[in-house]
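S.K.: sequence and predicted structure below; questions after.
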Amino acid sequence: MDHIQYALSTGQSKKNMFNDIRFVHQALPDSAVSSISIKPKTGDLNLKSPVFINAMTGGGGRDTEQLNGLLARVAKETGAAMAVGSQMSALKDRNERQSYAIVRKENPHGILFANLGSEATVQQAQEAVEMIEANALQIHLNVVQELTMPEGDRDFRGAFDRIQAIAEQLQVPVIVKETGFGMSREAAEKLAGTEVAAIDVSGFGGTNFASIENERRRRKLAYFEDWGIPTAAAIVEVKSVFKKMVLASGGIQDAQDMIKAFLLGADAVGLAGSFLKTAMQEGEKQLIEEIEALHEDLAMMMTALGAENLTDLQKCPAVISGELAQYLSARGFS
Ligand code: FNR
């Protein structure tokens, strides 16, 4: 609940660099709203909606159980996939399981992602998947968050080998995700040689776990607050070397951010902080309406751009300027 409160109070920085992308309007798009498909490409994840509710909650008793229940009903109503927060606490303490298991109870046929950190073993990964009958497992990478936490990990050796073993042995697809600091080309290149099915770039510019953890520290590690790869840049980094599914998250708040993520090559987008705010401050019905509006707004903009499906968006002309243009050029992306 601490994380939830601090995520709401620190908010979203909007430094994800999507503002440096501008579409070129097409006056003759030869399109119709009725012929637009916003369905993601059928990859291993079998997504129905291009939007998913990213990992946030679980453990910690009644409050998180209620929030997970709400998010699961929203996911069921809208067809969005949903990830639960890290299940490590429930692997260690059976009493915590109910706050995760509720998501499968509320959404028996939906697409659900289990979630663990890269310290997990193959057996723990299997247990986490079984706990919610998950369709896939997210493994999160959160080096900067751990370093900013006084009680956090200080040794990150062996993570890649554990991820590789889990991806080889688990029955369901594995998604490797960051937690708001972004995934680089170098990290994605390592994962490209494994059985990992998808990468969620989870870039800088939205929820900032350095700011959240600094709220709980006396001596702040301010240098981590402006650390990370902005989401727009992270999509390009990962897409350049990882040819399976690329998911985008990190400060995505509206359909305009989403459509820019698709333009850069994302296959689906995840929202955490922004959905959390709506869920906590406005409630279930409003969150359902927000996701339905995102679906509708996507179709409207795709019609204006003459893109019939999400893959077509990658062919739409756009102008990249400012810091994003500088970043991409400095990293050698044309
Ligand atoms: C998170 N996030 C997260 N990620 C993860 O893999 N396991 C987790 O347990 C959590 N916990 C968590 C709690 C809260 C309150 C928030 C807001 C977020 C990270 C999340 O899934 C996402 O990667 C980042 O928050 C960036 O996306 P947004 O929030 O900018 O849309």
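M.R.: Nice, thanks for sending it over. What you see is a predicted model, and the numbers here were worked out from it, not measured in a lab.

S.K.: give me the neighbour count for residue 260.
M.R.: Here the number of neighbours of residue 260 (other Cβ atoms under 10 Å) works out to 28. All C-beta atoms are positioned from the backbone trio N, CA, C, and that covers glycine.

S.K.: once you drop chain neighbours, what's closest to whichever residue of the stretch 151-300 of the chain sits closest to the ligand?
M.R.: With Cβ to the nearest ligand atom, the shortest gap between the stretch 151-300 of the chain and the ligand falls at residue 206, namely 2.0 Å. In space, and not counting its chain neighbours, residue 206 is closest to residue 251: 2.8 Å by Cβ to Cβ, 6 or more residues apart in numbering.

S.K.: distance of the one you found relative to residue 324?
M.R.: 13 Å (Cβ to Cβ, to the nearest Å).

S.K.: now the residue of the stretch 151-300 of the chain closest to the ligand: how far from residue 178?
M.R.: 11 Å.

S.K.: gap between the residue nearest to residue 206 and residue 204?
M.R.: In terms of Cβ to Cβ, residue 251 sits 8 Å off from residue 204.

S.K.: now the helix ranked longest in the chain: buried residues?
M.R.: Secondary structure of the chain per DSSP state H: the longest helix is helix 284-305. Judged by neighbour count (16 or more other Cβ atoms under 10 Å), helix 284-305 contains these buried residues: 287-288, 290-291, 294-295, 297-299, 301-303, 305.

S.K.: residues of this protein that sit close to the ligand?
M.R.: Residues of the chain lying near the ligand by Cβ under 6 Å from any ligand atom: 3-4, 7, 12, 54-56, 85-86, 115, 138, 140, 177, 179-180, 202, 206-207, 249-252, 271-274, 276.

S.K.: go again using 5 Å as the cut-off
M.R.: Within reach of the ligand by Cβ under 5 Å from any ligand atom, the chain has these residues: 3-4, 7, 54-56, 85-86, 115, 140, 179-180, 202, 206-207, 249-251, 271-273.

S.K.: who are the packing partners of the helix or strand that the longest helix of the chain is followed by?
M.R.: Moving toward the C-terminus from helix 284-305, the next helix or strand (DSSP states H and E) is helix 310-313. The elements that helix 310-313 packs onto, with contact taken as 3 or more Cβ pairs under 8 Å, 6 or more residues apart in numbering; DSSP states H and E, are helix 255-263, helix 284-305.

S.K.: right, and the helix or strand after helix 310-313?
M.R.: strand 318-320.

S.K.: tell me which residues are up against the next helix or strand after that following strand.
M.R.: Counting by DSSP H and E, the next helix or strand C-terminal to strand 318-320 is helix 322-330. Helix 322-330 has contacts (Cβ atoms under 8 Å, 6 or more residues apart in numbering) with 17, 19, 20, 21, 230, 232, 233, 236, 320, 334.

S.K.: any quick PyMOL command for the buried ones out of the residues you listed?
M.R.: Burial among the contacts of helix 322-330 is assessed by 16+ other Cβ under 10 Å; the matching PyMOL selection reads:
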select buried, resi 17+19+20+21+230+232+233+236+320
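
S.K.: which ones among the contacts of helix 322-330 lie within strands?
M.R.: Judged by DSSP state E, the contacts of helix 322-330 include 21, 320 as members of strands.

S.K.: from the contacts of helix 322-330, which two are the most distant?
M.R.: Put simply, by Cβ to Cβ the two of the contacts of helix 322-330 set farthest apart are 19 and 334, 21.1 Å from each other.

S.K.: quick one, strands of the stretch 1-150 of the chain?
M.R.: Secondary structure of the stretch 1-150 of the chain (DSSP state E, counting those that start in this stretch): strands at 21-23, 51-53, 81-83, 112-117, 136-140.

S.K.: save the ones you listed as JSON lines, and put in mean pLDDT and distance to residue 312 too.
M.R.: JSON lines is the format used below for these (pLDDT from 0 to 100; distance: least, Cβ to Cβ, whole Å):
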{"stretch": "strand 21-23", "mean pLDDT": "97", "distance to residue 312": "13"}
{"stretch": "strand 51-53", "mean pLDDT": "98", "distance to residue 312": "18"}
{"stretch": "strand 81-83", "mean pLDDT": "98", "distance to residue 312": "22"}
{"stretch": "strand 112-117", "mean pLDDT": "98", "distance to residue 312": "27"}
{"stretch": "strand 136-140", "mean pLDDT": "98", "distance to residue 312": "26"}
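
S.K.: so can I have JSON lines of these showing distance to residue 99?
M.R.: Shown next, in JSON lines, are those (distance: least, Cβ to Cβ, whole Å):
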{"stretch": "strand 21-23", "distance to residue 99": "38"}
{"stretch": "strand 51-53", "distance to residue 99": "15"}
{"stretch": "strand 81-83", "distance to residue 99": "14"}
{"stretch": "strand 112-117", "distance to residue 99": "13"}
{"stretch": "strand 136-140", "distance to residue 99": "17"}
